[in-house]
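**Q** dropping a prediction and its sequence here:
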Amino acid sequence: MKYIIIGLGNFGASLAHKLTELGNEVIGIDTSMAKVDAYKEKISHTICMDSTDEFTVSGLPLKETDVVIIAIGENQGASIMTTALMKNLEVKRLISRAINPLHEKVLQAIGVDEIVHPEEETAERWAKKLCLINVVDSFELNDDFSIIEAKVPSDYIGKTVREVAFKREFNVLVLTIIKKIEVKSVLGKTNTIKQIQGVASADNILEANDILVIYGSNKDLQYFLKQKIR
């Protein structure tokens, strides 16, 4: 996959390096030439440029890029301006780093696809989340095994866990199923919440909006995730 990461601070540089190591093409961007030079051997491509300059940014291969990540740290103004610019340029998937709750609200108002909290989430975790297609979230147990949250492949909707035969077909284990449930507040407003169903049973029927919590080797999880998703 192809990524553009803007902001080569600790989080942005670590994420760019990890994604490059995983075989992706990554363009790392920063206004600091020192940072660009420091990571030019660790990231596929590095560019020194002002990401708030629309003319300069429009020259980037945005249409060919799968994900744009705004990882700018302390400069909230540059982060917001860059995020808004990328949103206007209609990039395929836009992820931005939030520095504080107010910054997060502004990013949400702009309409980013996802928000990163580097203080709570590691670059390694985000690298895996980005590389494993159709993963909702992931937790790395070690270099070889992980637990992931994944959407139900369309071919398996309406089938039971037994009928899919996760262990025999993919060598992975379904630990539990998370269902999206609609509930009404005291004011009558309908909200969607996630409800964990407990230990998965072989008789559990898989529904379209279910999220599967699955354990297995990274290789086997990758194979399962290649199945057609609705």
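**A** Good, I have the coordinates. Bear in mind the structure is a predicted one, so any value in this text is a computation, not a measurement. Numbers count the residues shown, from 1 in each chain.

**Q** burial count for residue 217?
**A** A count of neighbours around residue 217, defined by other C-beta atoms under 10 Å, yields 13. C-beta: built from backbone N, CA, C; applies to glycine.

**Q** quick one, strands of this structure?
**A** In the chain, the segments counted as strands under DSSP state E are 2-6, 25-30, 45-48, 67-70, 94-97, 114-116, 135-140, 145-151, 173-184, 190-199, 211-217.

**Q** what does stretch 81-90 rub up against?
**A** 6, 51-52, 54, 57-58, 62, 68, 70, 72, 94, 96, 107, 110-112 (C-beta atoms under 8 Å, 6 or more residues apart in numbering).

**Q** any of these buried? List them.
**A** Neighbour-count burial (16 or more other C-beta atoms under 10 Å) is assigned, among the contacts of stretch 81-90, to 6, 51-52, 57, 68, 70, 72, 94, 96, 107, 110, 112.

**Q** could you dump the residues you listed to JSON lines with distance to residue 146?
**A** Shown next, in JSON lines, are these (distance: C-beta to C-beta, whole Å):
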{"residue": "6", "distance to residue 146": "28"}
{"residue": "51", "distance to residue 146": "32"}
{"residue": "52", "distance to residue 146": "37"}
{"residue": "57", "distance to residue 146": "35"}
{"residue": "68", "distance to residue 146": "25"}
{"residue": "70", "distance to residue 146": "26"}
{"residue": "72", "distance to residue 146": "29"}
{"residue": "94", "distance to residue 146": "25"}
{"residue": "96", "distance to residue 146": "25"}
{"residue": "107", "distance to residue 146": "28"}
{"residue": "110", "distance to residue 146": "31"}
{"residue": "112", "distance to residue 146": "26"}
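
**Q** of those residues, which is the nearest to residue 39?
**A** Distance to residue 39, by C-beta to C-beta, is smallest for residue 6 among the buried ones among the contacts of stretch 81-90, at 13.1 Å.

**Q** what's the separation between that closest one and residue 59?
**A** 14 Å (C-beta to C-beta, to the nearest Å).

**Q** over to residue 33?
**A** Distance of residue 33 to residue 59, computed by C-beta to C-beta: 18 Å.

**Q** what number of residues lie near the closest residue to residue 64 other than its chain neighbours?
**A** Nearest residue to residue 64, sequence neighbours excluded (C-beta to C-beta, 6 or more residues apart in numbering): residue 2, at 6.0 Å. The number of residues packed near residue 2 is 16, by other C-beta under 10 Å.

**Q** so residue 2 touches residue 69, yeah?
**A** No: using C-beta atoms under 8 Å, residue 2 is not in contact with residue 69, being 11.8 Å away.

**Q** re earlier: so what pairs up with the residue nearest to residue 64 in the strands?
**A** residue 25 (DSSP bridges).

**Q** and if you look at residue 193?
**A** Bridge pairing for residue 193 - DSSP bridges - gives residue 181.
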